[in-house]
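Asks: Give me the fold of what follows.
(4 chains)
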Number of protein chains: 2
Amino acid sequence: MFSNSSTHQGLSWAAERHRFIEAGGNTSHAFGLGRMIGRAYAMLYLATSPMSLDEIAATLRVSKASASTVLRQLASWQAVRQIWVAGDRKDYYEAETDFAVILKEGLMPGVRKKLQTAGTQIEKTLQSSTQKASATPANEEVSPADQAEIRRRLRSAQQLHQRLDKVLGSKLLARFL
Amino acid sequence: MFSNSSTHQGLSWAAERHRFIEAGGNTSHAFGLGRMIGRAYAMLYLATSPMSLDEIAATLRVSKASASTVLRQLASWQAVRQIWVAGDRKDYYEAETDFAVILKEGLMPGVRKKLQTAGTQIEKTLQSSTQKASATPANEEVSPADQAEIRRRLRSAQQLHQRLDKVLGSKLLARFL
DNA sequence: GGGAACGTTCAAAATTTTCTGAACAATGTT
DNA sequence: AACATTGTTCAGAAAATTTTGAACGTTCCC
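Replies: Take a look at the predicted model:
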């Protein structure tokens, strides 16, 4: 009578896996990494044996092109390992289940690079703001008091940047995960 | 002869400010927060007196509608304070320059909520995976060994989630900023 | 009350990002 | 050599996000 496979309260495993995958997608999306990344990783995280590109694409209902792209992204973050099976031309993938590795080796460098870009700009602006003191055109400009305040702020931003970078680079963080 | 205001190497302050603002936009964008957020905050960060909505919109070359939206977002993160000037109907805004406040009061709750969503799903899937042991339809399904492995992984994910949430909630973090 | 000055909301437009199918390169098979 | 299989790339399509202009609600002033 019931076409549904599980007879009472619980959802079927297939359905639950699907929810897990979508939740993974939502999470990665919420953190600005794109929805596919999380979906693909979540799927492999629940897979007990390596999956081929085709299987992955089919499971996620996505083109092979998308799968290829997202897997290479995940691999570049060490979130996924590529497995070669002897006598099989397909590429197989499995999830790295050690989050410490992914965060430390994969994600952190990217985060630090982004912060570095910001830090460089702060530095430049700070320089411009100090040098300006003498080179200001008679033109209507920023008052000396305001200049001082701006420099104070920029230095404070710089300080935060440095502290943050240091913390992210320290193994203290790695030990926490 | 030279229309440019600064005579040698340095860029004009206006130009440098522009670069700073755009860099702010790029940074917030890189972290998945949208480009406007960073632009607006960066601008106010360099402003030594509160700015009205119109001034902000004009400086960022953006509609008043956008400015209104982005400022409310920033205000909800405590990244910006609203200032009322007596006898002036305009709203004025100034940047919160204390990053600890912004991170702790503004950004962190959002991050934790996102993590919470993920955590809830892990919990659900874990439950489904344990309950399933008995309720599995005779159907082709996951082997007991694989089930055990999946549960192991889910518990590990749950553990990470809990540790992360704890760290983010602790004032230890706040003290670092 | 009529009108001006502001900020907000929302449907639609503009833009950016993501996804796909087709073409291709590389490798193996018959 | 011709063909199959597999993964990648890329221009264009599709989808999601952001931005806007116009309509609206308030508040204040005359």
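Asks: show me where pLDDT drops low in chain A?
Replies: A:1-10, A:132-140 (pLDDT under 70).
Asks: Let's see that with 90 instead.
Replies: A:1-11, A:87, A:105, A:129-143, A:167-177 (pLDDT under 90).
Asks: All the helices of it, residue numbers only.
Replies: For chain A, helices defined by DSSP state H occupy the ranges A:13-30, A:35-45, A:53-60, A:64-76, A:99-101, A:108-135, A:144-169, A:171-176.
Asks: Distance to DNA strand C and mean neighbour count for those helices - can I get that in a markdown table?
Replies: C-beta here means a position set from N, CA and C on the backbone, and glycine is covered the same way. Shown next, in a markdown table, are the helices of chain A (distance: least, C-beta to the nearest atom of the strand, whole Å; neighbours: other C-beta atoms under 10 Å in any protein chain shown):
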| stretch | distance to DNA strand C | mean neighbour count |
| --- | --- | --- |
| helix A:13-30 | 8 | 19 |
| helix A:35-45 | 4 | 24 |
| helix A:53-60 | 8 | 17 |
| helix A:64-76 | 3 | 16 |
| helix A:99-101 | 22 | 16 |
| helix A:108-135 | 14 | 16 |
| helix A:144-169 | 23 | 15 |
| helix A:171-176 | 26 | 12 |
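Asks: how about the residue in chain A that chain B sits nearest to, phi and psi?
Replies: Residue of chain A nearest chain B, by C-beta to the nearest C-beta: A:Gly32 (1.7 Å). Dihedral pair for A:Gly32: phi 80, psi 20, per degrees, to the nearest 10.
Asks: count of residues packed around the nearest residue in space to it that is not next to it in sequence?
Replies: Of all residues not flanking A:Gly32 in the chain, B:Gly32 sits nearest, at 1.7 Å (C-beta to C-beta, 6 or more residues apart in numbering or on different chains). Per other C-beta atoms under 10 Å in any protein chain shown, the neighbour tally for B:Gly32 reads 13.
Asks: Could you check how far B:Gly32 is from B:Trp13?
Replies: 31 Å (C-beta to C-beta, to the nearest Å).
Asks: Quick one: residues contacting the nearest residue to A:Gly169 once chain neighbours are set aside.
Replies: In space, and not counting its chain neighbours, A:Gly169 is closest to A:Arg112: 6.9 Å by C-beta to C-beta, 6+ apart. A:Arg112 sits next to A:165, A:168-169 when contact means C-beta atoms under 8 Å, 6 or more residues apart in numbering or on different chains.
Asks: Export the residues you listed as CSV, with columns for distance to A:Val85.
Replies: Below are those laid out as CSV (distance: C-beta to C-beta, whole Å):
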residue, distance to A:Val85
A:Asp165, 41
A:Leu168, 37
A:Gly169, 38
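Asks: Kindly indicate which of these lies nearest B:Tyr41.
Replies: Checking those against B:Tyr41 with C-beta to C-beta, the nearest one is A:Asp165 at 19.7 Å.
Asks: mind listing what the closest one touches?
Replies: With C-beta under 8 Å, 6+ apart, A:Asp165 has these contacts: A:112, A:115-116, A:119.
Asks: wait, does stretch A:157-164 contact chain B?
Replies: Yes: using C-beta under 8 Å from any C-beta of the partner chain, stretch A:157-164 reaches chain B at A:157, A:160, A:163-164.
Asks: hmm, who's touching that stretch?
Replies: A:115, A:118-119, A:122-123, A:126, B:45, B:99, B:176-177.
Asks: Can you pick out the most distant pair from those residues?
Replies: Within the contacts of stretch A:157-164, A:Leu126 and B:Phe176 form the most distant pair, 22.6 Å apart (C-beta to C-beta).
Asks: quick one, domains of chain A?
Replies: Using automatic domain parsing, the domains assigned to chain A come out as A:13-97, A:100-176.
Asks: quick check, the first one touching DNA strand D?
Replies: By that I understand domain A:13-97. Yes: Domain A:13-97 reaches DNA strand D (C-beta under 7 Å from any atom of the strand) through A:29, A:52-54, A:64-65, A:68-69, A:71-72, A:89-91.
Asks: so how far is that domain from its chain's centroid?
Replies: Distance, stretch centre to chain centre, for domain A:13-97: 15 Å (C-alpha atoms, centre = their mean, to the nearest Å).
Asks: With the last one instead?
Replies: Computed by C-alpha atoms, centre = their mean, the separation of domain A:100-176 from the middle of its chain amounts to 21 Å.
Asks: What does A:Leu46 show for phi and psi?
Replies: With angles defined as degrees, to the nearest 10, A:Leu46 sits at phi -90, psi 0.
Asks: my bad, A:Phe31
Replies: phi -100, psi 20.
Asks: List the contacts of the residue nearest to it when sequence neighbours are not counted.
Replies: Leaving aside its chain neighbours, A:Phe31 sits nearest to B:Gly32 (6.0 Å; criterion: C-beta to C-beta, 6+ apart). For B:Gly32, the contact set (C-beta under 8 Å, 6+ apart) comprises A:30-33.
Asks: can I get these in CSV with distance to B:Met108?
Replies: Converted to CSV, those look like this (distance: C-beta to C-beta, whole Å):
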residue, distance to B:Met108
A:Ala30, 14
A:Phe31, 14
A:Gly32, 16
A:Leu33, 19
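Asks: What's the separation between A:Glu96 and DNA strand D?
Replies: Distance, A:Glu96 to DNA strand D, using C-beta to the nearest atom of the strand, to the nearest Å: 17 Å.
Asks: This completes my enquiry, with thanks.
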